[in-house]
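Asks: one predicted model, sequence on top.
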Amino acid sequence: MKLGIAAVYLVSEENEKLLDLHLSQIERHTTVPYTVYGSINRLLPKFRHKLKSNLKVKVCECPLADLRDVEEHSFYLEHLVRTAIEDGSSHIVTLHVDSFPIRSGWAEELAGKLSESQIFATPSYGAYTACLFFHRDFYLKYHPTFLLSEADRSSPKYKQFCKESRHLHHSGIGYLFKAYREGLSWYPLSESNHDDARYVFISSIYDDFIFHLGTATKFDHRSLKQTNLLQMRKWVYRRIWVPILRAILDMGTQQRVLKRKRFVMIRRPLRWAWRHIGRPNFYMPTFEDARKQLLEDPESYLNSLRAPA
């Protein structure tokens, strides 16, 4: 196996320790030959130097793109994957700066999940490119893209896909739809956190070998302040907002139960409440606390999340 790891490095000043942890965990737990293909567009100079000095990293200056958010991330990933394929990688995996392996043998185990009909492995709940693992033959045969085109979204096949498959419009959704169109399947990486450490989009462990902190590059962490209400906020988030989020995201189940007009009417107030109440008052403090614990003592924090063997 020759593993190509594609990662988009949009790293803010306060996330230097997270970048160091990401690289060290890859080196510690990856036992097959590998190269990290990292995009450095809009990256701070000191982080560029850090990546260029790492012998396992191939720094890639991707074409400039006047894009932001998921579109920018997907654009760079397309370039990185093509570069890894051209360099002869037999297997490709995408990781985020806040996702990394936590157990040795992870690449071999993921490769063992692949077959002619089961063509990639990815988390089952939205954060697809936090760990999207596939063989070069799948890429060369089917030419998947990370996002969907307008033609894809307006096709009858996509409407059928929406009815049959729960999904989010994140980077990597194009791979799921490509598999669906071709009559193929994928291996869903499942959250393996123990029950008291299971959130939505925060500190997920998949199949006990991949960790993903979640949306780490999207917050200005310096603006978040801890208060003595943190434990209460975390309890409310896990006991109240997590079930609401799962209900909102589980589009397939709701669409089968509710008529479309009622479905839209219910989702709108829930989205408003999440954007203005849930996210700033409960999600962000909970996320910041998780990030703080991870960076202060990574091994202890990761062990606290893992389900007993």
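Replies: Sure thing, it's come through.
Asks: now the strands for this protein?
Replies: Assigned by DSSP state E, the chain shows strands spanning 3-8, 34-39, 57-60, 91-95, 99-101, 118-123, 131-135, 185-189, 204-206, 210-212.
Asks: make CSV from those and add mean pLDDT to it.
Replies: Shown next, in CSV, are these (pLDDT from 0 to 100):
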stretch, mean pLDDT
strand 3-8, 98
strand 34-39, 97
strand 57-60, 96
strand 91-95, 98
strand 99-101, 98
strand 118-123, 97
strand 131-135, 98
strand 185-189, 96
strand 204-206, 94
strand 210-212, 97
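Asks: could you export those strands as a markdown table, including mean neighbour count and distance to residue 287?
Replies: No exception for glycine: its C-beta is placed from N, CA and C like everyone else's. Listed next are the strands of the chain as a markdown table, based on neighbours: other CB atoms under 10 Å; distance: least, CB to CB, whole Å:
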| stretch | mean neighbour count | distance to residue 287 |
| --- | --- | --- |
| strand 3-8 | 26 | 20 |
| strand 34-39 | 23 | 24 |
| strand 57-60 | 19 | 27 |
| strand 91-95 | 25 | 19 |
| strand 99-101 | 26 | 15 |
| strand 118-123 | 22 | 17 |
| strand 131-135 | 24 | 19 |
| strand 185-189 | 19 | 21 |
| strand 204-206 | 25 | 12 |
| strand 210-212 | 26 | 12 |
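Asks: just send the ones you listed back as CSV, with distance to residue 198 too.
Replies: Below are the strands of the chain laid out as CSV (distance: least, CB to CB, whole Å):
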stretch, distance to residue 198
strand 3-8, 26
strand 34-39, 29
strand 57-60, 33
strand 91-95, 21
strand 99-101, 17
strand 118-123, 13
strand 131-135, 18
strand 185-189, 14
strand 204-206, 8
strand 210-212, 13
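Asks: of those strands, which is nearest residue 28?
Replies: Of all these, strand 99-101 sits nearest to residue 28, with 8.1 Å by CB to CB.
Asks: neighbours around the closest residue to residue 77 other than its chain neighbours, how many?
Replies: Sequence neighbours aside, residue 146 is the residue nearest to residue 77 in space, at 5.4 Å (criterion: CB to CB, 6 or more residues apart in numbering). Number of residues near residue 146 (other CB atoms under 10 Å) recorded here: 23.
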